[in-house]
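J.: A structural model of the following input is requested.
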Amino acid sequence: MKKFRKVLDGLTTSSPGGTMGSPSCGSAAGTPTAAPTPKEIDVQETLVSENFQLCKTVRHGFPYQPTSLAFDPVQKILAIGSRSGGVRILGRPGVDCYCQHESGAAVLQLQFLINEGALVTACADDTLHLWNLRQRRPAVLHSLKFNRERFEKIHWHHEGKQFMCSHSDGSLTLWTLRNTTKPFQVTFPHGKIQKDGRKESCKPILKVEYKTSRSSEPFVIFSGGLSYDKAGRRPALTIMHGKAITVLEMDYPIVEFMVLCETPYNNEVQDPYAVVVLLEKDLIVVDLTQSNFPVFENPYPMDIHESPVTCTAYFADCPPDIIPILYSIGAKNKKTGYSHKEWPIGGGTWTLGSHTYPEIIITGHADGSIKFWDASAFTLQMLYKLKTSKVFEKPKPGEGRAAELGEEDPFAVQMVSWCPHSRIFCVVGISAHIILYRFSKYDANTQIVSLEVRLQCEPEDIITPSENENNPCFSEPGSHSPQPHHQHPLSPGSRTPDGAKDSIPCLKVKDKMVRVPPGYQSDLVIQLLWVDGEPPQQITSLDLNSAYGLLAFGNCNGLAVVDYLQKTVILCISTLDLYGATDPYQRLTRSPRRNRQSTSGKHCMRGLSNFYSDSKKRIRTSYQSLTELTDNQQSIDMERSKSPTSDHVNGHCTSPTSQPCSAGKPRIPMGPEGPRLTRRGPGRPPFRKAQSAACMEISLPVSHTEESRENSFSRSRSSSVSSIDRDTKEAITTLQFGESYGRKSDALPTPCLWVGTSLGVGILIPLSIPTDQEERMEDPVTVGPSGKLQMLKGSVLRFGFLDCNGALIQSPYEVWRDLNAPEDPDRPRRRKLVHFSPSSSQDAFGEGHLAIVCSERQAKVFLMPSQSCLFVHNITESSFVLRADVVSLCNSVCLACFCANGHVMTLSLPSLRPLMDVNYLPLTDMRIARTFCFTNEGQALYLSSPTEIQRITYSQEMCDNLQEMLGELFTPIETPEAQNRGFLKGFFGGNAHTFDREELFGEAAAGKASRSLAQHIPGQGGVEGMKVAASGAVGELARARIALDERGQRLGELEERTALMMTSAETFSKHAHELMLKCKDKKWYQF
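T.: Presented below is the predicted three-dimensional model:
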């Protein structure tokens, strides 16, 4: 049992700044920072290092930059190769496997060894790989590295009497073996005869497949070949069946297509039933058995990138009823017109594992759409789609924000907040807007309510560290007067005398009654306003609490709290005024602008807190000492990444919490009095086009080692941090509602709002909320003075709360109620709240609770309400934390962190002992940085490419059960028997027959291969299978079953060959007997 002693209420405490230890990075545990106390708090930490292991689980989405395609007609599994060296193998829903070549070379060609559980890949580095598919995690068995010759293509052909060729002039030629001097037939499928009698020119036909059928005319399927008469025509696939020609236009260029046939033998009648079309950004399967050639409904989530993904959220162990209700609503809006037949790629086996629970993934997109995905049991199925753009009027060309700021995606989603219990959903958009949705099973006519908030800070502040730490010089509160804030603009659409925009939002909300379908329905829209010709800054943090009925958000200018039940703004304040007279920074201000309007809103407050009135004040200078900075600013060049929906964007490598506010100004030279950190005054903010998280790549300078590239990334971050300190305002980086102690003297917890800033400051704001339901809808929510200020290195990223037994304290929530349901007089709709107060049982929870605060550099644990620091741990010195979350795992809790250098770490709570530190990714780009997120039960995800989501686990238990939860790619199936050619066909049909590979390429026929031609590289394909098999009797049985299957398969083939030989012998005996009877009575001269 882990015991620690700390100062409790009423005892003398010292300032956290003076008592916190500073353990070195990688220390064995967090450093305790207080003297022994007469009272003990016992926390049993059950998590140890053996509970953690990091591994990839499954990858969802469309393979990025596909290059090749292959299909096993017996096993009915499909393989797709990509330019990055990846191979996706797909079977029935649930059977989805991702393999990666270590070299990362592009996969040029794929070929299944039919019904043998093996796949051959040909890569651009002149290497052939043989993959073993008879295990859940495929691996390379052997590789051949060609040294002398390059191979361009692997082509398997069958022997026939005629064949078809496609040509660059858009023609098809049919050749016969009887006459090889000229083609038997020449056709131009899309070439029309012009008035002068000539054929019009056509595009090249890139590929053609000629398939025969027993019951109908042959199929001729090809890509390309359209005429040049129409500009901008979309790529097309043409199906010629008899005299009918059908052209299927595609949304993206065709990479490859393959016709699926009933027989695995190329020298038999093919009987095609479907064609798989691999596009650059989609996978389509066409049904050839119906005359209108409908498309099969794709069971795989291939449309994640339908609009570029801009944010992600991951929720594990959701309420069990949420997935069925979302699916039932989303199913009503599904597309129709698909083929009624079963999905033809149905290979492999998959069963629901024992370690399953409801999981939901939410993705936000550049077009403003939101997608809810069922992610349970390592699958991904879209449940429900929400379009946030329907709340606003469609911007007219040349008007609105798109024209003012060059914004092409004004509805792009920046972040989301979701309460699964109350089903309240909140969306933050790039146009500084927030939309709050409520869920209903009924449609309704509604009027969209909007609030407009004026959140703009006037002074141009300069932060100057004091020379004397013990006697800091603080400015007067009056010098930090904020810009007047208004709940509603006095004159919407107004402009200043000089023509600049003022007090208008970026988008226009629909002002008429709208009918909304069942599902998520907009309840409130909040928009930040333009101020004196300057657009509002993007929102950097958001939190909502359904039990309180409050929503809080912040940006570079300040903080706002909205009561969404009463539809009012209860707090709108600049970041500076959160400190009041006890601001830990010295700020020199310019003359503020003249106030244009009087302050409105009786609940808006200034100077909320009196921090550390009886303690020494410390001037925080840790940001300057975080990293070494060079004098030049050219530490790294950023690549302008191209978004699929917008023009070039700048992928600045900055902290994700402070990036939207970075101005990118040149460095300010240091004066003789020392470094001066300046805050940029109100100027044009760095609004950019909607940045797809999938397209935020980092272009690094040419470096020879991985370490130098990591250092370049770190230096870029350092410069960005320095720029944030010098040139921007203090941003609100994280917010968290919860039950806590707002002041040291509080005996009971009350609703509070924890506020974290980009300068590493944590502020606690108590709230007074009426408890009676009628009073809650009428009486205002009041905000009290702040109770505490905590200091950390780097931007604050996350807050978390534990009781004194170490259990996670959940935020209170309201049980979902359908506001549009019919009224029931016997059961009136009343709010039902669920609280998790740390003092609900003194025996169970002890006195007070623990607060975890994590920043980009370190983590601290505080004891509330004494507000004393118990433990501190420096997470990293050379990098910075991108994402941190307090997560539950194995009936316990830990702190999970993801760093910019690719390390994934976990720390015990509350002692902050390092439990795991894995260098998972050698280098992190902005796409991963913006989409990485942790969740409970040891899972996490990120966007591995613009079109794919990679899920990982850091739980040892899940890694042990991973084999059970994944699908089987190979299932023992008897190979269909080849057609009997018959005696007469074999006797008169020539000498053509099928050869075995060993007959053609074996050492007996071809001799031994030259050692200089290719190098044999043994793989480790069997290592993983042996590791799994070595786990016990189950592995032995699995090996025995596979051996029996293989033996049975060989015996079956032997039996088939024996039967064929017996049939041939009987036929030969019959013909010999007939010949004997015919010649029995003939004389020798009659022959």
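J.: assign a three-state SS to the closest residue to Ser82 other than its chain neighbours, would you?
T.: Nearest residue to Ser82, sequence neighbours excluded (C-beta to C-beta, 6 or more residues apart in numbering): Pro63, at 4.7 Å. C-betas here are computed from N, CA, C, even on glycine. Assigned by DSSP: H, G, I helix; E, B strand; the rest coil, the conformation of Pro63 is coil.
J.: how about Pro63, phi and psi?
T.: Backbone torsions of Pro63, given as degrees, to the nearest 10, read phi -60, psi 130.
J.: correct me, but it touches Glu948?
T.: Yes. Pro63 lies in contact with Glu948 (C-beta atoms under 8 Å); the separation is 7.1 Å.
J.: coming back round to it: number of nearby residues for the residue nearest to Ser82?
T.: Using other C-beta atoms under 10 Å, Pro63 has 25 neighbouring residues.
J.: now the one 10 residues further on
T.: Residues lying near Pro73 (other C-beta under 10 Å) number 17.
J.: how about the contacts made by it?
T.: When contacts are counted by C-beta atoms under 8 Å, 6 or more residues apart in numbering, Pro73 touches 114, 260-264.
J.: could you list which of these belong to strands?
T.: Taking DSSP state E, the ones among the contacts of Pro73 that sit in strands are 260-261.
J.: which one of the contacts of Pro73 sits closest to Thr310?
T.: Leu260 (36.4 Å; C-beta to C-beta).
J.: which one is that closest one nearest to, not counting chain neighbours?
T.: Ala274 (4.4 Å).
J.: go on, Gln185?
T.: Leu174 (4.1 Å).
J.: kindly report the same for His903.
T.: Spatial nearest neighbour of His903, excluding adjacent residues (C-beta to C-beta, 6+ apart): Asn919 at 5.5 Å.
J.: just give me the neighbour total for that neighbour.
T.: Asn919: 12 neighbours (other C-beta under 10 Å).
J.: show me the longest helix that occurs in this structure.
T.: Longest helix in the chain, counting residues (DSSP state H): helix 1033-1079.
J.: what's the mean pLDDT across it?
T.: Here helix 1033-1079 scores 74 as its mean pLDDT.
J.: what is that helix packed up against?
T.: Applying 3 or more C-beta pairs under 8 Å, 6 or more residues apart in numbering; DSSP states H and E, one finds that helix 1033-1079 contacts helix 983-988, helix 1021-1029.
J.: looking at those helices, which has the lowest confidence?
T.: For the helices and strands packed on helix 1033-1079, mean pLDDT drops lowest on helix 1021-1029, to a mean of 49.
J.: check the secondary structure at Arg927 for me.
T.: helix.
J.: from Ile221, how far out is Tyr265?
T.: Distance of Tyr265 to Ile221, given as C-beta to C-beta, to the nearest Å: 19 Å.
J.: those two: which is more packed in?
T.: Ile221 (24 against 17).
J.: so Ala236 touches Glu249, yeah?
T.: Yes. With contact defined as C-beta under 8 Å, Ala236 reaches Glu249; the gap is 5.0 Å.
J.: so for these two, which residue has more residues nearby?
T.: When Ala236 and Glu249 are compared for neighbours, Ala236 comes out ahead with 18 against 10, by other C-beta under 10 Å.
J.: OK, contacts around that one?
T.: Per C-beta under 8 Å, 6+ apart, neighbours of Ala236: 223-224, 226, 247-250.
J.: output those residues as JSON lines; include the columns secondary structure.
T.: As requested, the contacts of Ala236 are arranged in JSON lines below (three-state DSSP):
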{"residue": "Ser223", "secondary structure": "strand"}
{"residue": "Gly224", "secondary structure": "strand"}
{"residue": "Leu226", "secondary structure": "coil"}
{"residue": "Val247", "secondary structure": "strand"}
{"residue": "Leu248", "secondary structure": "strand"}
{"residue": "Glu249", "secondary structure": "strand"}
{"residue": "Met250", "secondary structure": "coil"}
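J.: give me the buried subset of those.
T.: Neighbour counting with 16 or more other C-beta atoms under 10 Å marks 223-224, 226, 248, 250 as buried within those.
J.: tell me the two of those that are most distant?
T.: Based on C-beta to C-beta, the longest span within the buried ones among the contacts of Ala236 runs between Gly224 and Leu248 and measures 12.6 Å.
J.: hang on, isn't Thr187 packed against Leu172?
T.: Yes. Here Thr187 reaches Leu172: they are 5.1 Å apart, a contact under C-beta under 8 Å.
J.: among the two, which residue is more densely surrounded?
T.: Ranked by neighbour count (other C-beta under 10 Å), Thr187 and Leu172 place Leu172 first, with 22 against 15.
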